[in-house]
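K.L.:
3D model of this:
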Amino acid sequence: MTAVDGLVDGPVTADADPRRDVFLVSNSVDELGGVTSWSHQMARLLTARGHRLHVVGITPSAVPQELGAVPYPMTTLYAGQPPRPGRAREASIREEALKLTALFRAARPGAVVIVTQVWAMEWVARADTRGLTVIGMSHESYAYSRASSRFHRVRRWYRDVDRMLALTREDADLWIGQGLNNASYLPNPLPFMPQVPSARTEKAVVSIGRLHDQKGIDMLLDTWAEVAPRHPDWRLRIHGSGEDEEMLRKRCTALGLDGSVDWMGRTDDVPGALRAGSVFVQSSRGEGFPLALMEAMATGLPCAAFDCAPGVREIVRDGEDGLLAAVGNTGELARRLDTLMSDKGLRDVMGERARVNVQRYAPAEIVRRWEGLFGFLER
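P.N.:
Take a look at the predicted model:
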C-alpha cells in the first residue's frame, strides 16, 4: 500500500458551509522552531479563509519567540511543566485533558483537531474528541523519527487518528510500512515570496537555523574550513541562536575561521538576511520539509544542502536549482559550495530557477489541499 494522492490532492467538494472550527495543538504555542512557524502560518491562512482557529500548547516554552498580535485565541494548558512519568503524571494529563474537552465540546459540527507534534497527542488522546476529525502530524522525516523516541510514540498515538500526515509521499509510504495505514502526506506552504529577490552580488554564504545538533552547524564549520581558503574574500553568515552556541564558537576559533565567519544571532528579518547573501547552505543532520530552504529559494538564492530527508530532495532539484551532498560528507558539501561561489552565472541561473520552482508550494494551493482533506475525512 502507498500513500494516496487523491486523499489530499483531489478536487474539493463544496459544502453548505465549508468554514470550520480548527484546533492546532502543539507542545507549546511559541517555542522556537519550524513547527511553531508552520502552526501560526497555517492559522493565519485558515483564518483568512473564514475558519475559526484556536492554537493550543501543552506547556509554556522555555525560550519563547515573539509572535506579535495574532487574529485567533491561544491557550496553554500548564503554567509550568507536567510531573515526571508515574501516577501523578497520568492523573495530571487526564486533568489537563479536561480543558481540551471543554474547548472541543464548544466547537461547531465539522470541527478538526490538528496535532502537530506527537508529544501533544498524549493529551489529545485523553480528551473527548467524539464527532471531531483528528489529524496527527510528523514534521520530521521518517528516518530522523526512527532514530528517536518519537518513532514508537508515533506508532502508538497516531495509529487510530483519522489521518496521520507526513510531509512527503516517501515518508508516508514508510509509515504505512509500519502499519499506519491511515498515513498520507501534505507539504509545508511557502512561508513568503519577497517582491525583491537577492541580487546575488554580496560575497556571502548564509545559514539560518537554531544552533542545535540537528542543524549540523559543527559540520558546516568543518565544511567552511575547506572552502574559505579558496575564497578569502567571502563570508559565512550564521543566523540563529541556541544551546550549542558557545561550543560552536570555540570550534570556529579552533579551526581558524574567526576572520571569515560572522555570528549574526537570531533575526526577525529573514528576507533581509537572505537578500544580503548570494548562496544559502543547509547542513542539517535531519529535517522534515525545511522552511529555511523554501525561504532561501523564494529569495532567489541557490542552495547547497545535505540530502538528509525526502523533503530536502523534493524542494531542491539537484543540479537545476541547487546542489545536494550526502549527509555528513563535508568534503562533498564544500565542493558544492565552491561550485556556486566560483561561478556567478551559475548562481544567477540556479537562483532564478529556484525562485520559480518553489512557487509550486504557494500557500493558496496548500490551503486548498488542506480544505480538501477536511471535506474528505468528514464524509
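
K.L.:
show the pLDDT at V8.
P.N.:
For V8, the model assigns a pLDDT of 47.

K.L.:
let me redo that: A127
P.N.:
Reported pLDDT for A127: 98.

K.L.:
got the contact list for the one helix or strand R94 maps to?
P.N.:
In the assignment (DSSP states H and E), R94 maps to helix 87-105. Residues from elsewhere that reach helix 87-105, judged by Cβ atoms under 8 Å, 6 or more residues apart in numbering: 23, 25, 54, 56, 58, 75, 77-78, 82-83, 111, 113, 122-124, 126-129, 132. For every residue, glycine as well, the C-beta is placed using N, CA and C.

K.L.:
so after that helix, what's the next helix or strand?
P.N.:
Helix 87-105 is succeeded, C-terminally, by strand 112-115 (DSSP H and E).

K.L.:
from the contacts of helix 87-105, keep the buried residues only.
P.N.:
23, 25, 54, 56, 58, 77, 82, 111, 113, 122-124, 126-127, 129, 132 (16 or more other Cβ atoms under 10 Å).

K.L.:
which of these lies closest to T339?
P.N.:
V25 (43.4 Å; Cβ to Cβ).

K.L.:
helix or strand: which one has that closest one?
P.N.:
Using DSSP H and E, V25 falls in strand 21-26.

K.L.:
parallel or antiparallel, list what pairs with that strand.
P.N.:
Here strand 21-26 is paired, per DSSP bridges, with strand 52-57 (parallel), strand 112-115 (parallel).

K.L.:
so of those, which one's packed in deepest?
P.N.:
When the strands paired with strand 21-26 are scored by mean count of other Cβ atoms under 10 Å, the highest mean neighbour count falls to strand 112-115 (a mean of 24).

K.L.:
check which element follows that one along the chain.
P.N.:
helix 118-124.

K.L.:
if you average pLDDT over that following helix, what comes out?
P.N.:
Rounded mean pLDDT across helix 118-124 is 98.

K.L.:
who touches that helix?
P.N.:
Residues contacting helix 118-124 (Cβ under 8 Å, 6+ apart): 25-27, 57-58, 77, 93, 96-97, 100, 113, 115, 134, 136, 138, 150, 153-154, 157-158, 161.

K.L.:
so L323: helix, strand or coil?
P.N.:
Judged by DSSP: H, G, I helix; E, B strand; the rest coil, the three-state class of L323 is strand.

K.L.:
which residue ranges form the helices in the stretch 101-250 of the chain?
P.N.:
With helices called from DSSP state H, counting those that start in this stretch, the stretch 101-250 of the chain shows them at 118-124, 142-146, 150-157, 169-176, 217-227, 245-254.

K.L.:
so for L211, which of the ones you listed sits nearest?
P.N.:
helix 245-254 (4.6 Å).

K.L.:
who does the closest one touch, helix- and strand-wise?
P.N.:
Contacts defined by 3 or more Cβ pairs under 8 Å, 6 or more residues apart in numbering; DSSP states H and E place helix 245-254 against helix 217-227, strand 261-265.

K.L.:
rerun at 7 Å
P.N.:
Packing partners of helix 245-254 (3 or more Cβ pairs under 7 Å, 6 or more residues apart in numbering; DSSP states H and E): helix 217-227.

K.L.:
in the helix it packs on, which residues are buried?
P.N.:
Quick answer for helix 217-227 (16+ other Cβ under 10 Å): I217, D218, M219, L220, L221, D222, T223, W224, A225, V227.

K.L.:
now do the contacts for the fourth one.
P.N.:
If I follow you right, that is L220. For L220, the contact set (Cβ atoms under 7 Å, 6 or more residues apart in numbering) comprises S207, V281, S283.

K.L.:
recalculate using a threshold of 10 Å.
P.N.:
Shown in contact with L220 (Cβ atoms under 10 Å, 6 or more residues apart in numbering): 205, 207, 209, 236, 238, 248, 252, 261, 281-284, 306, 330, 333, 337.

K.L.:
most neighbours, which of the residues you listed?
P.N.:
L333 (30 neighbours; other Cβ atoms under 10 Å).

K.L.:
quick check: that one touching A305?
P.N.:
Yes: counting by Cβ atoms under 10 Å, A305 is a contact partner of L333 at 7.9 Å.

K.L.:
mutual contacts of those two, please.
P.N.:
In contact with both L333 and A305: V281, Q282, S283, L323, L324, A325, V327, using Cβ under 10 Å, 6+ apart.

K.L.:
could you redo the residues you listed as TSV and give each row pLDDT?
P.N.:
Shown next, in TSV, are the shared contacts of L333 and A305 (pLDDT from 0 to 100):
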residue	pLDDT
V281	98
Q282	98
S283	98
L323	98
L324	98
A325	98
V327	97
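
K.L.:
could the residues you listed be laid out in a markdown table, adding distance to P187?
P.N.:
Compiled in a markdown table, the shared contacts of L333 and A305 are given as follows (distance: Cβ to Cβ, whole Å):
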| residue | distance to P187 |
| --- | --- |
| V281 | 22 |
| Q282 | 17 |
| S283 | 22 |
| L323 | 21 |
| L324 | 18 |
| A325 | 22 |
| V327 | 21 |
